[in-house]
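Sequence and computational prediction follow.
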Amino acid sequence: MILKMKRYTFLVYHKQYTEFLEKIKETGVLHVIEKAGGIAENDALRDKMQLAARIKNALKQLEKRTPKNANLLPADNGKDGLQLLSKVELALSEKEALEQKLQNTEKEYERMEVWGTFNLERFEQLKNAGLVVRFFSCNLRKFDQEWETLYNAFEIDTIGTIRYFITLTKPDQNIEIDADPIKLSSKTAEQLLVETSEIRAKIELHNALLENMAIDDYNSLKAAQATIIEQIDYTKVILNTQNEADNRVMVLEGWCPEESEPVLNNYLETSGVYYESEEPKITDEIPIKLKNSNFTKLFEPITKLFSLPNYSELDPTPFLAPFFMLFFGLCLGDGGYGLLVLFAATFFKKKSSLEMKSILTLGQYLGGMTIIVGILTGSFFGIALDQVEWIWLKGVKSYFITQANYGDILSGYNPMMILAVIIGIIQILFGMIVNSLKINKQFGYKYAISKLSWVFFIISALLIAGLKSFGILLNDYLSYSLYTFAGINALIIIFYNSPGKNPIANIGSALWDTYNMATGLLGDTLSYIRLFALGLTGSILGGVFNTLAFDLTTDANPYLRWLFILLILLVGHTINFALSLIGAFVHPMRLTFVEFYKNSGFEGGGKAYQPFSKQVK
């Protein structure tokens, strides 16, 4: 549900404005309206936003380094937030530089390791004696044995297809060989190995330092972040304030949810501030605040993934929630996989943050729905329960929704495919009803009648065709009633699809709507077959891995066979579960955001309600 908003306009004497803003911030219910031109370029605001971004990044880095089950010290108001930020950033910067240095040193060590242990001073002595040592590498096939005679070449090592060697020649001797010259490091491999150990020790010290900062300073830095965000919000409010009467009167506008008006009005009635409140206009850009039941609220993140609804339409969350849960269960399709989702969500929920708890609660519902679908279809970790000879299943095998049990009744069609199409038709028709409700809210019932008539016409046509296809005879009264009902709705579609226009225009519009409805309805309905296809694919792949695990290990050692079976099952079902889980999220969202949103006339584009309020420190 979208909460109703009221528009407030305040006129405040300039000397009272700072106190007024502090009180408004304490109420925490007013969403300040931005000026038409947006927030002007402001150096102070930009600096604060950059500082907030730096603190956010520093907090994120400290969170990664917080020891498990550590007790963080409470915020210390005596600590300077900027100094804490500088200290954390310096430690992170030094650690990053050390890690880069370690990476370069390790590469240099790998390059020098092949040459073994040597003394650089001996090379200088040889050079003074008139002999120069040069270092080369080349492909093994390119190495010429004549180089040993011509240039005193000595092999040092051969790694793979690369040969490393040195030459010992006079300074003025020209060396012409097909090999790559190598410039040695100023340090030997032994020295570089010692240096890498020293760098690692310094990195460990910085890790320990950052862990201590995470325990001692995280909450203090978090409080500093809250202060900066409050300053940013305050600056934005100031920039969105109009100055009137030679800057003596400050004008501020904002939105307040109707349910929060008593909080705001209680302050205003005692403040002496002049204000006006009014209903929103259709041309206003009204912020959106959703309010749903505890169950429906779990699905709000899915709504927000696409877009918030605008103020003039309906909140789609209550309408998509049950369908999305059912779609997830059908796409994942296996009761065993549903148990995994349920157990994982329950396990992690105990130690998760408040924000994650709602997501994991959603995971519990989705896992539970998958278990129900798995029970109904007789699929458990790829095992087709209707095909196994287990005594305890003997009495229920005939009830599983499978082609073996119901294929003959449905002329050979898989019952789950039929069910997927039926669910698709139901959601599409439901979306059209939602669309008619939205049109009624925006323009009035006259403009919604035609959309609703399409729903009634399609239902009537489906009932007539469906009952006849199953050989169900209708008595004259019921038959005439259905045909009459369909005919009345057809007349409304033809002659009343655009109230206020002449009949000829209505007929043309009806023909165009009929074409779009016929082609669109068919394509949209067929899209729901994916619910059957994905569930079937996951079950089949699970069954394939079960078969492979037992059939491929028949000749193995009896004691090792169960180990091989376990490994095949674990790897196979992990891959299948991961792929099925991705499909179970992606495809229900696709059906929701494309088929359902299109038929429900969803417009979106709403801007979230963000009240000017104090930050939690």
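Received the coordinates, thanks.

Pull the number of nearby residues for Ile464.
By the criterion of other CB atoms under 10 Å, Ile464 has 16 neighbours. Placement of C-beta: from N, CA and C, glycine included.

Sorry, slip of the keys, the one I care about is Arg200.
15.

before we move on, what about Thr484?
Neighbours of Thr484 under the rule other CB under 10 Å: 11.

Mind checking what secondary structure it has?
Put simply, Thr484 is helix when judged by DSSP: H, G, I helix; E, B strand; the rest coil.

got the contact list for the lowest-mean-pLDDT helix or strand in the chain?
The helix or strand of the chain with the poorest confidence is helix 503-527; it has a mean of 78 (mean pLDDT, DSSP states H and E). For helix 503-527, the surrounding residues in contact (CB atoms under 8 Å, 6 or more residues apart in numbering) are 421, 424-425, 428, 454, 458, 493-498, 501, 591, 594-595, 598-599.

give me that answer again for 6 Å
If you take CB atoms under 6 Å, 6 or more residues apart in numbering as the criterion, helix 503-527 is touched by 424-425, 428, 493-495, 497-498, 595.

Any buried residues in that helix, and which?
Judged by neighbour count (16 or more other CB atoms under 10 Å), helix 503-527 contains these buried residues: 506, 509-510, 513, 517, 521, 524-525, 527.

ok, now stretch 311-331?
Buried-residue list, stretch 311-331, by 16+ other CB under 10 Å: 311, 313-321, 323-331.

Tabulate the CA atom coordinates of it in PDB.
The C-alpha trace of stretch 311-331 is given here as PDB (Å, rounded to 0.1, in the frame of the first residue of the first chain):
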ATOM      1  CA  TYR A 311       1.900   8.000  -6.400                       C
ATOM      2  CA  SER A 312      -1.100   7.800  -8.800                       C
ATOM      3  CA  GLU A 313      -1.000   4.000  -9.100                       C
ATOM      4  CA  LEU A 314      -1.200   0.900  -6.900                       C
ATOM      5  CA  ASP A 315       1.600  -0.700  -4.900                       C
ATOM      6  CA  PRO A 316       2.200  -4.000  -6.900                       C
ATOM      7  CA  THR A 317       3.900  -5.700  -3.900                       C
ATOM      8  CA  PRO A 318       0.800  -7.400  -2.400                       C
ATOM      9  CA  PHE A 319      -0.200  -8.600  -5.900                       C
ATOM     10  CA  LEU A 320       3.100 -10.100  -6.900                       C
ATOM     11  CA  ALA A 321       4.100 -11.600  -3.600                       C
ATOM     12  CA  PRO A 322       2.100 -14.900  -3.700                       C
ATOM     13  CA  PHE A 323       2.800 -15.400  -7.400                       C
ATOM     14  CA  PHE A 324       6.500 -14.900  -7.000                       C
ATOM     15  CA  MET A 325       6.700 -17.400  -4.100                       C
ATOM     16  CA  LEU A 326       4.800 -20.000  -6.200                       C
ATOM     17  CA  PHE A 327       6.900 -19.300  -9.300                       C
ATOM     18  CA  PHE A 328      10.100 -19.800  -7.200                       C
ATOM     19  CA  GLY A 329       8.800 -23.200  -5.900                       C
ATOM     20  CA  LEU A 330       7.800 -24.300  -9.400                       C
ATOM     21  CA  CYS A 331      11.200 -23.300 -11.000                       C
END
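
as a whole number, average confidence for that stretch?
Average pLDDT, stretch 311-331: 94.

any idea how far that stretch is from the chain center?
Centroid separation for stretch 311-331 versus its chain: 17 Å, with CA atoms, centre = their mean, to the nearest Å.

One more: stretch 52-66?
Its chain's C-alpha centre and that of stretch 52-66 lie 21 Å apart, by CA atoms, centre = their mean.

and Phe485, how many neighbours does it have?
16.

Leu419 too?
Around Leu419 there are 18 residues (other CB under 10 Å).

Neighbours of Ser580, how many?
Counted by other CB under 10 Å, the residues lying close to Ser580 total 23.

gap between the nearest residue to it once chain neighbours are set aside and Leu298?
Leaving aside its chain neighbours, Ser580 sits nearest to Gly538 (4.0 Å; criterion: CB to CB, 6 or more residues apart in numbering). As defined by CB to CB, to the nearest Å, Gly538 lies at a distance of 24 Å from Leu298.

before we move on, what SS does the nearest residue to Gln387 once chain neighbours are set aside have?
Closest residue to Gln387 in three dimensions, ignoring its sequence neighbours and counting by CB to CB, 6+ apart: Ala404, at 7.8 Å. The three-state label for Ala404, taken from three-state DSSP, comes out as helix.
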